[in-house]
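# after the sequence you'll find the predicted model.
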Amino acid sequence: MKIRIKGNSLRYRLTKSDIELFSKDGYLEETISFGSQNLIYALQQSAESELAANFKDQKITLSVPAFMAKEWATTDRVGFESSNGPLYLLIEKDFKCLDNVAEDQSDNYPNPLSGAL
C-alpha cells in the first residue's frame, strides 16, 4: 500500500494482495519509521456511505464504505474518490508502470495502457 499526499489531497494505491487482505480483514495498515516517531497509514472498512479520513496520534485512517470495498475487490473498478470537506480522497488499484522502474511490481495490476503502445 502506498500513499501520496499533495496539498489537500490524499491518495492510497493498493496492490492485488493488499486488496485481498483488505477485503478479507476489513483493515490494512503500514508504518513509516522516522527514527523516534512513526507515521501509520491505514484503510478501514466502515458502515459510512462515502470515503472519510481521520488523523489522530500519528495515524492517518481512511475509512472505506463496505459496499465500495466489496465492489473494488470483486470487479475491474479502479477506485473511488470523494471530498471530505476541503480534503480530496482517492483509493485506487496500483498498476504496473509503463516505464522501467527499480521497484518490484509483480503484485501490481496490469496497466490498461500497456497494450496501447
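Yep, it's here. Numbering: from 1, shown residues only.
# from here on, just use CA atoms for contacts and neighbour counts.
Fine.
# strand partners of the lowest-mean-pLDDT helix or strand in the chain, parallel vs antiparallel please.
The least trusted helix or strand in the chain, going by mean pLDDT, DSSP states H and E, turns out to be strand 79-84, with a mean of 89. Next to strand 79-84 in the sheet, as set by DSSP bridges, lie strand 87-93 (antiparallel).
# can I get the strand it pairs with as CSV, trimmed to CA atoms?
Output in CSV follows, covering the C-alpha atoms of strand 87-93 (Å, rounded to 0.1, in the frame of the first residue of the first chain):
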residue,chain,number,x,y,z
LEU,A,87,-9.8,17.2,1.7
TYR,A,88,-9.9,15.2,-1.6
LEU,A,89,-9.7,11.5,-1.1
LEU,A,90,-8.8,8.7,-3.6
ILE,A,91,-8.3,5.0,-3.4
GLU,A,92,-7.2,3.1,-6.4
LYS,A,93,-5.6,-0.1,-7.7
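# just the buried positions in that strand, please.
By neighbour count with 16 or more other Cα atoms under 10 Å, strand 87-93 contains the buried residues Tyr88, Leu89, Leu90, Ile91, Glu92, Lys93.
# what's the answer for stretch 66-76, then?
The neighbour-count check on stretch 66-76 (16+ other Cα under 10 Å) flags Ala66, Met68, Ala69, Lys70, Trp72, Ala73 as buried.
# can you point out the buried residues in stretch 1-16?
Buried residues in stretch 1-16 (16+ other Cα under 10 Å): Met1, Leu10, Arg11, Tyr12, Arg13, Leu14, Thr15, Lys16.
# inside strands: which ones of the residues you listed?
In strands, judged by DSSP state E, the following of the buried residues of stretch 1-16 are found: Leu10, Arg11, Tyr12, Arg13, Leu14.
# so where's the protein shaky on pLDDT?
Along the chain, segments meeting pLDDT under 70 span 95-117.
# where do the strands of it begin and end?
Along the chain, counting by DSSP E, strands occupy 2-6, 9-14, 27-34, 37-46, 52-56, 59-65, 79-84, 87-93.
# helices and strands around the second one, which ones?
I take that to be strand 9-14. strand 2-6, strand 87-93 (3 or more Cα pairs under 8 Å, 6 or more residues apart in numbering; DSSP states H and E).
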